[in-house]
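Next come a sequence and a model predicted from it.
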Amino acid sequence: MGMSEDKEDKPQEIQAPAETTLPARAIASRFNLGLAAAVVALVLIGWQWLDSRQYGNALEQNLGRRLADFDSRSKESQIVAARAQEESRQALVKLGMLEQKLAESQNQQAALEALYQELSRNRDESVLAEVEQILLVANQQLQLAGNPKAALIALQTADSRLQRLDKAQFISLRKTIVKDIERLQALPTVDVVGYSLRLDSLSSMVDDLPLVIGGELPANPAAAKPRGEERPWAKLGWEIWLDMKQLVRIQHVDTPDAPLLAPSQAYFLRENIKLRLLSARLALLRHDETTYKADLKAADAWLRRHFDIKAKSTQSALTTLKQLASGPVSIDMPDISASLNAVRNYKLVRERPGAR
């Protein structure tokens with residue numbers, strides 16, 4: 001039984017591997033395939049790891065270089081930034097100094113402008129005051145002295161003073177002054193200087209004019225002085241005779257009413273004629289024709305009454321008086337107070353609060 005059992009068991013044992021051989025081979029082949037795949041995968045993984053490692057090393061090296069480059073550039077940038085920061089700080093300091101200087105310059109400019117405005121106002125006020133005085137003198141010369149030439153010169157001087165300022169606010173004043181200047185320039189001209197010179201010359205001739213009574217007798221050509229060889233008593237008698245002749249004078253007078261004047265009266269007569277001529281000269285300067293002609297008429301009457309009208313000097317004086325009396329000397333003086341009033345009104349407007 002034991003043998004049969006072993007025999008029965010053997011075939012079973014031999015058959016069992018036969019039945020399981022195909023699966024084992026399949027498993028082995030599968031295992032081999034898996035192992036090959038694992039090896040391949042492992043190789044691939046290794047190769048990939050190696051490649052990754054190399055790539056990582058290269059990347060690390062590249063990154064290291066880049067980091068080193070970045071580090072160097074960062075240091076340079078820091079240096080540049082520090083330098084820029086220092087320059088910026090210095091620029092800020094300079095900018096602050098410039099702003100301070102600019103503020104000081106602006107303050108100085110404002111102060112200078114204020115000073116200039118003040119000086120300009122003071123200058124304008126000074127010029128206006130001067131122009132007012134000049135125009136006042138012009139009116140006085142025209143109204144009181146009757147001297148249009150002096151008034152014209154004064155107006156032209158005032159206009160030139162305003163012209164030097166060259167400011168638009170004075171244009172209206174200058175227009176008014178120019179109108180007064182045109183009024184004076186339109187006046188007729190009178191030769192005041194020529195008339196004055198002729199009156200002065202006539203006044204200097206009065207002392208040499210011969211009187212009707214009291215003039216020197218002409219020398220007698222028939223009377224001869226005694227010769228030096230004549231006797232002394234004859235010479236003495238001749239001198240006595242000449243002295244006696246001086247005591248009595250016989251003269252033919254064409255005007256019976258001519259008074260006999262003592263030497264002192266003759267002196268005062270000549271001085272009165274000079275005073276009349278001087279009065280006529282003053283009336284000429286004032287363009288007072290009535291007084292001027294009245295003085296010349298009185299001087300003419302005195303010359304005809306008390307002086308020898310046959311003498312050439314007297315005739316010349318009478319002719320001069322006639323010529324002087326025939327010329328017109330009066331002028332209708334215009335009113336030039338408009339310019340003076342304009343300047344005064346302008347000053348009043350400037351002096352009002354807020355006018356500047």
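Looks like it came in fine.

Give me the local confidence score for residue 4.
Per-residue pLDDT puts residue 4 at 44.

cool, the one 10 residues further on as well?
What the model reports as pLDDT for residue 14 is 45.

Next secondary structure after the host helix or strand of residue 128?
Secondary structure from DSSP states H and E places residue 128 in helix 2-143. For helix 2-143, the following helix or strand on the C-terminal side (DSSP H and E) is helix 148-165.

So which helix or strand of this protein has the lowest pLDDT on average?
helix 232-247 (a mean of 70; mean pLDDT, DSSP states H and E).

Residues in contact with the helix or strand that comes right after that one: which ones?
Next helix or strand after helix 232-247 toward the C-terminus (DSSP H and E): helix 263-285. Here helix 263-285 makes contact (Cβ atoms under 8 Å, 6 or more residues apart in numbering) with 145-147, 192, 195-196, 199-200, 202-203, 206-207, 209, 211, 214, 261, 289-292, 295-296, 298-299, 302-303, 306, 324, 329. C-beta here means a position set from N, CA and C on the backbone, and glycine is covered the same way.

how about 7 Å then?
Contact partners of helix 263-285, identified using Cβ atoms under 7 Å, 6 or more residues apart in numbering, comprise 145-147, 192, 195-196, 199, 202-203, 206-207, 211, 214, 261, 291-292, 295-296, 298-299, 302, 306, 329.

among the residues you listed, which ones are buried?
Buried members of those, scored by 16 or more other Cβ atoms under 10 Å, are 146-147, 192, 195, 199, 202-203, 206, 211, 214, 261, 292, 295-296, 298-299, 302, 306, 329.

Could you list the low-pLDDT ranges of the stretch 251-356 of the chain?
Residues of the stretch 251-356 of the chain meeting the criterion pLDDT under 70: 251-264, 352-356.

how does the protein divide up, domain by domain?
Residue ranges for the domains of the chain, per automatic domain parsing: 124-188+333-356, 191-216+258-330.

how long is the longest one from one end to the other?
Going back to what we said before, that points to domain 191-216+258-330. Domain 191-216+258-330 stretches 11 Å from its first residue to its last (Cα to Cα, to the nearest Å).

That domain: how far from the chain's middle?
Put simply, domain 191-216+258-330 sits 53 Å off its chain's centre (Cα atoms, centre = their mean, to the nearest Å).
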